[in-house]
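Visitor: I'll drop the sequence and a predicted model, then ask my questions.
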Amino acid sequence: MGSSFEDLTEATSGAIGGVLSTSILYPLDTCKTKYQAEARDGQTRKYRSSFDVLAEARSSGQLLALYQGIGTKIVQSFVSQFIYFYSYSFIKNLYLQQRNKKRMGTGANLVVAAAAGACTVIITQPLDTASSRMQTSAFGKSQTLWRTLKEGGWRQAYDGLAASLLLTCNPAIQYTVYEQLKGRILRSNNSQTSRVNRSSSDTSPLVLSALSAFLLGALSKTIATVITYPAIRCKVILQASKSEEAEHRMQASPANGSVLKSMFDAMRIIWHKEGGKGFYKGLQAQIIKTILSASIMLMIKEKTSKATWVVMLGLRRWLTQHQGRIKVTQAYKN
């Protein structure tokens, strides 16, 4: 019961952090997604950068349209963060119990993180696809979640699933880079400390400062994003290929539009229309959004963990007392 309660609390605080970070950065996410989803010949390109999306919304008086689909994105963020943190904590505790260990090694941690990511992707992919289609629809013409999923069908709701599963290696790369850089810094600090005071009896473990940890986290996330970005771009194009704006472009110019069914189709159209540079279109906006989102989410998660623990503990006690009263009532009646 203890580990289950801890898993639930961890998942809840992570989900709250995910929802708040998603809400704060949603306009930036919309600009980034619309820019990433565009795959066309250079002479007819609509957006030169993510800022052009913002400029278009401002000039057309549709700034609020940058929030279209935010409800679906919030639900997707809450569900995905909850499932990820819960499944990660659950699989981790199960692994430690089965192996009778107190800590996981780097390899085991990567496997557990990938498994948790795969569980999350499989369950939340329809919400992710619907959110991308809403964001890439023409300003002011986004449809409801149910209509978006109904028009495309449940099979198309899983567009980009292969890319999403492939992208579960993103946190694995981030974690590996972070741990390697962290180890080098700590070993360097330990060497310098031992030179200054070799007789010190302090054997407490060395830790990174808050600033060092933030900078290393940002750097490791940037490296992971750069490595996996072609898959990110393909996923966005696959998910957005059924949006209303994409359908309009296909009808206006059939030669420039085609039904995309797999990552290879997305890679083919990017290479044909934009060349090798196209696989990294929108990378700058992706890095900015990803780093800000991760830092805000983790900051909120840490700040709300204690409050969430207190609330969940109070709820558990109330449920326990309520169940006890029911048992007493039933025993009295019998």
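Guide: The structure has been received and is ready for your questions.
Visitor: drop to CA atoms for contacts and neighbour counts, all remaining ones
Guide: Fine.
Visitor: residue contacts, Thr120?
Guide: Applying CA atoms under 8 Å, 6 or more residues apart in numbering to Thr120 gives the contacts Ser80, Gln81, Ile83, Tyr84.
Visitor: same thing but at 6 Å, please
Guide: Contacts for Thr120 (CA atoms under 6 Å, 6 or more residues apart in numbering) come out as Ser80, Ile83, Tyr84.
Visitor: same question for Ser131.
Guide: Here Ser131 is in contact with Gly69, Thr72, Lys73 (CA under 6 Å, 6+ apart).
Visitor: swap the cut-off to 10 Å and go again
Guide: Neighbouring residues of Ser131 by CA atoms under 10 Å, 6 or more residues apart in numbering: 30, 68-76, 125, 142, 144-145, 148-149, 239-240.
Visitor: out of the contacts of Thr120, list just those in helices.
Guide: Cross-referencing the contacts of Thr120 against helices under DSSP state H gives Ser80, Ile83, Tyr84.
Visitor: isn't the second one up against Thr9?
Guide: No. The criterion here is CA atoms under 10 Å, and Ile83 misses it with Thr9 at 11.9 Å.
Visitor: kindly point out which residues are neighbours of both of these two.
Guide: Ala15.
Visitor: check the offset of the helix or strand where Met134 lies from the chain's centre.
Guide: Taking DSSP states H and E as the criterion, Met134 maps to helix 106-136. Centre-to-centre, helix 106-136 and its host chain are 7 Å apart (CA atoms, centre = their mean, to the nearest Å).
Visitor: only the buried residues of that helix, if you could.
Guide: Across helix 106-136, burial judged by 16 or more other CA atoms under 10 Å covers 109-110, 112-121, 124-136.
Visitor: and for stretch 180-191?
Guide: Using 16+ other CA under 10 Å as the test for burial, stretch 180-191 gives Lys182, Ile185.
Visitor: so how far is that stretch from its chain's centroid?
Guide: Remark: stretch 180-191 is offset 29 Å from the chain centroid, using CA atoms, centre = their mean.
Visitor: how about stretch 80-94?
Guide: 14 Å.
Visitor: with just CA atoms, put it into PDB.
Guide: Written as PDB, here are the backbone C-alpha positions of stretch 80-94 (Å, rounded to 0.1, in the frame of the first residue of the first chain):
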ATOM      1  CA  SER A  80       0.400  11.400 -20.200                       C
ATOM      2  CA  GLN A  81       2.400  12.800 -17.300                       C
ATOM      3  CA  PHE A  82       0.200  10.900 -14.800                       C
ATOM      4  CA  ILE A  83       0.700   7.600 -16.700                       C
ATOM      5  CA  TYR A  84       4.400   8.200 -17.200                       C
ATOM      6  CA  PHE A  85       5.300   9.000 -13.600                       C
ATOM      7  CA  TYR A  86       3.000   6.300 -12.200                       C
ATOM      8  CA  SER A  87       4.200   3.600 -14.600                       C
ATOM      9  CA  TYR A  88       7.800   4.600 -14.100                       C
ATOM     10  CA  SER A  89       7.500   4.500 -10.300                       C
ATOM     11  CA  PHE A  90       5.500   1.300 -10.400                       C
ATOM     12  CA  ILE A  91       7.900  -0.500 -12.700                       C
ATOM     13  CA  LYS A  92      10.900   0.800 -10.800                       C
ATOM     14  CA  ASN A  93       9.600  -0.400  -7.400                       C
ATOM     15  CA  LEU A  94       8.600  -3.800  -9.000                       C
END
